[in-house]
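Undergrad: Fold the stuff below for me.
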Amino acid sequence: MVKATNKLGVDVMTGHWEFTYGADRVRELIEGGHLDMDFVAHNISDVTWGDRVDLFEPYTIKERNGVRIAVIGQAFPFTPIANPSYKIPDWSFGVDEDHAQKVVDEIRDNDKADVVVILSHNGMDVDKKMASRLRGVDVILGGHTHDAMPAPMEIKNKGGGIGGMTLVVNSGSNGKFLSRLDFDVKNGKVRDYRFHMLPIFSNEIDADPEMQQLIDEERSKAQEQAGKDLSEELAVSEDLLYRRGNFNGTFDQLIVEALMESQDAEVALSPGFRWGTTVLPGQPITLEDVYTQTAITYPEVTLNDMTG
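TA: Residues are numbered from 1 along each chain as shown. From the prediction side, this is the model:
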């Protein structure tokens, strides 16, 4: 994923599932020079000794067309709750709204940024709440809940960057859309904006040769590591199998029913993952499809007796 993201030409990123590789691996990737982009996260600190120690750069400044753009990182705030805390035992997460405001004020006062952006993995609802309460933020570019918003939400607040409001943008997931947001900036302030959400019809666009080569090489390695034929057909789907939202999809239902049958369980639970390929009715379910749906960094299945 690092190689692919580098090849894609990303300028700035913040974190979510990266943390489930563990603190040491995250440090190795970021501090070892593997990323061709800036990694920013203001809301992660080390609490080993009680005092707050910021673990990553809270923001970065990019200059484009003579405009200074500050990008603040808002990593997924609920990592130790939603994912195993033993992966990052000494790290503290959270929305950390007060610290976010402190960072924004510092940027406005000292760095003289013309545009302030929060690159967020909060999820849409938390983004909206932050936008209503933080002063001096022009736009929150969000992820996590995979909402495809055809236009930015204009959230009014007391100190919004654009006429007393902050924009909230979420652009779907899985490369289905590309959002373009243009700002009209003059005298250090955003006066107006223009937004386009572009659907990506991947079957109508020729693959980039260099990216395709990288993907082919990585798939070949994965095939070799698996020691199995990833294209092996396991069954034929009778229904549309998918994952889309925060709640159960039909592929999750298939998985939990298989767990109940194989583990002789009365109830099965699956985390609310939001990734994975879609299998059409009548289409074979391949081994790769199953791996795609279950590819996590802590794949244990547990069987417990419970009361109630």
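Undergrad: So what's the residue count around the nearest residue to L303 once chain neighbours are set aside?
TA: Distance criterion CB to CB, 6 or more residues apart in numbering; nearest residue to L303, sequence neighbours excluded, is Q263 at 5.2 Å. Placement of C-beta: from N, CA and C, glycine included. Using other CB atoms under 10 Å, Q263 has 12 neighbouring residues.
Undergrad: quick one: the helix or strand hosting E224 to chain centroid distance?
TA: In this assignment (DSSP states H and E), E224 forms part of helix 209-226. Relative to the centre of its chain, helix 209-226 is centred 23 Å away, using CA atoms, centre = their mean, to the nearest Å.
Undergrad: pLDDT below threshold where in the stretch 201-308 of the chain?
TA: 245-246 (pLDDT under 70).
Undergrad: all strands of it, in order?
TA: Using DSSP state E, counting those that start in this stretch, the strands of the stretch 201-308 of the chain run over 233-236, 284-286.
Undergrad: about what we covered before: for the residue nearest to L303, give its distance to I255.
TA: Counting by CB to CB, to the nearest Å, the gap from Q263 to I255 is 12 Å.
Undergrad: for R68, same thing?
TA: Following CB to CB, the distance that separates R68 from I255 is 48 Å.
Undergrad: Of those two, which one has the most company?
TA: I255 (20 against 17).
Undergrad: Please name the nearest non-neighbouring residue to I72.
TA: That would be Y59: by CB to CB, 6+ apart, it lies 4.3 Å from I72.
Undergrad: okay but that neighbour is in contact with Q74, surely?
TA: No - counting by CB atoms under 8 Å, Y59 stays clear of Q74, with 10.2 Å between them.
Undergrad: Give me the common contacts of these two.
TA: Residues touching both Y59 and Q74 (CB atoms under 8 Å, 6 or more residues apart in numbering): H42.
Undergrad: Neighbour count: these two, which is higher?
TA: Q74 (30 against 24).
Undergrad: ok, now which ones touch that one?
TA: With CB under 8 Å, 6+ apart, Q74 has these contacts: 14, 41-43, 95, 100, 118-122, 130, 140.
Undergrad: got a pLDDT number for the nearest residue to it once chain neighbours are set aside?
TA: In space, and not counting its chain neighbours, Q74 is closest to S120: 4.0 Å by CB to CB, 6+ apart. You'll see S120 listed with a pLDDT of 98.
Undergrad: repeat for the one 3 residues further on
TA: pLDDT recorded at G123 is 94.
Undergrad: Spell out which residues make up each domain of the chain.
TA: Per the TED database, the domain ranges recorded for the chain read 1-199, 230-307.
Undergrad: What's the end-to-end length of the first one?
TA: Distance between the two ends of domain 1-199: 22 Å, counting by CA to CA, to the nearest Å.
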